[in-house]
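1. Return atomic coordinates for the entry below.
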Amino acid sequence: MHSDQPLNAIFLTEILGIGLLVREWAQREELVKMSTIEDVVKRLIASEEGDEIRQKAEQLSHTINHSVEEGGETNRELDSFVAHITR
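-> The predicted structure is shown next:
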């Protein structure tokens, strides 16, 4: 765990809101205790916070899937890029 991982964690947990932080980056050298993992899993599975995270993840999944379908934003942008570099 180095380089982009701390930023990925911030992006998923704070910006997108689709993840839970297991430990702070400053504690990266410490072994994660079983009880810590248990607490995070319980928060994800059996709490309103977990419900919100799952709902946001489902919405993001739908948005991404729609984007890569024929006529979706990602698909159009890729077609535009390919047309640009092959002219």
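
2. how near is residue 26 to residue 10?
-> 13 Å (Cβ to Cβ, to the nearest Å). Placement of C-beta: from N, CA and C, glycine included.

3. Show me the residue sitting in the middle of this structure in space.
-> The centre of the chain sits closest to residue 12, judged by Cα atoms, centre = their mean, with a distance of 4.0 Å.

4. Give me the spatial nearest neighbour of that one, chain neighbours excluded.
-> Using Cβ to Cβ, 6 or more residues apart in numbering and skipping residues adjacent in sequence, the residue nearest residue 12 is residue 19, 3.8 Å away.

5. Can you tell me the SS state at the one you found?
-> coil (DSSP: H, G, I helix; E, B strand; the rest coil).

6. ditto for residue 81
-> Residue 81 ends up helix, using three-state DSSP.

7. Tell me how many other residues crowd it.
-> Around residue 81 sit 10 other residues, with neighbours defined as other Cβ atoms under 10 Å.

8. Read off the pLDDT value for it.
-> Looking at residue 81, its pLDDT is 96.

9. cool, residue 1 as well?
-> We have a pLDDT of 54 for residue 1.

10. do the same with the one 10 residues further on
-> Per-residue confidence for residue 11 comes out at a pLDDT of 95.

11. which residues sit in contact with it?
-> Residue 11 makes contact with no residue, according to Cβ atoms under 8 Å, 6 or more residues apart in numbering.

12. repeat that for 10 Å
-> Residue 11 makes contact with 4, 18-19, according to Cβ atoms under 10 Å, 6 or more residues apart in numbering.

13. go on, residue 49?
-> Residue 49 makes contacts with 17, 20, 43, as judged by Cβ under 10 Å, 6+ apart.

14. What number of residues are in the vicinity of the second one?
-> When neighbours are defined as other Cβ under 10 Å, residue 20 has 17 of them.

15. Would you indicate which residues of the helix or strand containing residue 55 are buried?
-> Taking DSSP states H and E as the criterion, residue 55 maps to helix 48-68. Residues of helix 48-68 classed as buried: 50, 53 (neighbour count, 16 or more other Cβ atoms under 10 Å).
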